[in-house]
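1. Sequence first, predicted model second:
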There are 2 protein chains.
Amino acid sequence: MAREASTDDVPWLTPAQLEEWVALATLITTLPSALDAQLKRDAGLNSFEYHVLVRLSDSPHGVVPMSDLAVMAQGSPSRLSHAVTRLERAGYVERMACKEADRRTAAVLTEAGRKKLEEAAPGHVREVRRLVVDVLTPEQLAALGDAARVIVKMTAPEVADVIFSRKRPG
Amino acid sequence: MAREASTDDVPWLTPAQLEEWVALATLITTLPSALDAQLKRDAGLNSFEYHVLVRLSDSPHGVVPMSDLAVMAQGSPSRLSHAVTRLERAGYVERMACKEADRRTAAVLTEAGRKKLEEAAPGHVREVRRLVVDVLTPEQLAALGDAARVIVKMTAPEVADVIFSRKRPG
DNA sequence: GCGTTTGATTTGAACATTCAAGTCCATGTT
DNA sequence: AACATGGACTTGAATGTTCAAATCAAACGC
């Protein structure tokens, strides 16, 4: 491996950069599986399915067109379609036609789905607290968030625009 | 450590906390797939397979017992076994018995494997730079790393001990 | 010595995700 | 009117991951 540390051509990281990157790399592999595990264990849902339910419940009447929902939940149309099929089979969601004129399909949260989410949410949030929010100082958490927003602007610009819509004043 | 009003009973996040968490949640879903995509596209490997090769190449003779390798690469024994089977099929790795007395199986990096890695690494590092290292100030990167280390201590204590062996003084 | 337990690894089936078609239908085009 | 075009999903097959069971050999207990 090249051990140079120049800017553009030779791409290696400095020891300091490498150390931070290893920390982040470990974070992005272990945190998702920890959260997945909790949800799976306590609610029988995976993170994506949970996220789909959350997005639905955040919407006016729990009704969202598939294509919009896919963007919100940050998954491909296909992934969403499969997930909605599973959620439908479980009775948490239904498919229906959008309003007239809009001939897309929409997913709707059922009562059972809303209940399921209300049941699952506290445990999930508790886990987020336990693993992330409660172990960092407010300053650390803010710095983490800032860095995350900058990175997401690179990894998924469209998502960044949608998700971080409410920018803080600065 | 942050000590917000409640620790166990009332689990919801404050708006500020929620905002930072959403940013992080988006990071941990989009960054892995961005990196996966680059590796898959340019080298035909997924992140885990790549990571396995890296860990092997970092080791004395490219030889590591399966169980140790699983910990280093942060995957289950089963996941590693399947991955090594694929890498073996591709000619990048071989299985062999450990030294006498130790009756475990070890994975060994082949010449082809080492070459593959040397070929794949620059593109991967370039992507890490492009998405993460080069878009943050050194201070931001350091803060991100610090927060990541704290979180990883929660999500995977054993891994934290192994990976962050060389702690900085302060 | 013989049967059991334990640790390390592998295997196979179930499930999730991706990827590349396939379907359906409305809207242009000629 | 007939036909291609494009959007919005859905589907099925291929691939990867998980989970539980199977293997296999050394170590232990009696």
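-> Nice, thanks for sending it over. Predicted model only: the values in this text are computed from it and were never measured.

2. What is the burial count for the closest residue to DNA strand D within chain A?
-> DNA strand D sits closest to residue A:67 of chain A, with a gap of 2.9 Å, by Cβ to the nearest atom of the strand. Every residue, glycine included, has its C-beta placed from N, CA and C. Applying other Cβ atoms under 10 Å in any protein chain shown, we find 13 other residues in the vicinity of residue A:67.

3. got the buried residues for the longest helix along chain A?
-> Counting by DSSP state H, the longest helix found in chain A is helix A:15-43. By neighbour count with 16 or more other Cβ atoms under 10 Å in any protein chain shown, helix A:15-43 contains the buried residues A:17, A:19-35, A:38-39, A:43.

4. ok, back up a step: got the buried residues for the one helix or strand the residue of chain A closest to DNA strand D maps to?
-> Element membership of residue A:67 [criterion: DSSP states H and E] is helix A:66-72. Across helix A:66-72, burial judged by 16+ other Cβ under 10 Å covers A:66, A:69-72.

5. That one packs against which elements?
-> helix A:47-58, helix A:77-89, strand A:105-109, helix A:157-163 (3 or more Cβ pairs under 8 Å, 6 or more residues apart in numbering or on different chains; DSSP states H and E).

6. DNA strand C contacts on chain A?
-> Listed as neighbours of DNA strand C in chain A under the rule Cβ under 7 Å from any atom of the strand: A:46, A:48, A:75-76, A:78-79, A:82-83, A:86, A:103.

7. ok, of the residues you listed, which come out buried?
-> Buried among these by 16+ other Cβ under 10 Å: A:46, A:48, A:75, A:83.

8. hmm, who's touching stretch A:61-69?
-> A:52, A:55-56, A:72, A:77, A:80-81, A:84, A:96, A:98, A:102, A:104-109, A:113-114 (Cβ atoms under 8 Å, 6 or more residues apart in numbering or on different chains).

9. average model confidence for it?
-> On average, the pLDDT along stretch A:61-69 is 94.

10. quick one: it to chain centroid distance?
-> Mean-position distance between stretch A:61-69 and its chain equals 16 Å (Cα atoms, centre = their mean, to the nearest Å).

11. okay, now the domains of chain A?
-> Domain ranges of chain A: A:36-119, A:132-164, per automatic domain parsing.

12. And the last one, end to end?
-> What that stands for is domain A:132-164. Using Cα to Cα, to the nearest Å, one end of domain A:132-164 lies 20 Å from the other.

13. touching chain B at all, that domain?
-> Yes - using Cβ under 8 Å from any Cβ of the partner chain, we find that domain A:132-164 touches chain B at A:132-138, A:140-156, A:159-160, A:163-164.

14. just checking, which of those residues belong to helices?
-> Short answer: the residues of domain A:132-164 next to chain B in helices (DSSP H) are A:138, A:140-155, A:159-160, A:163.
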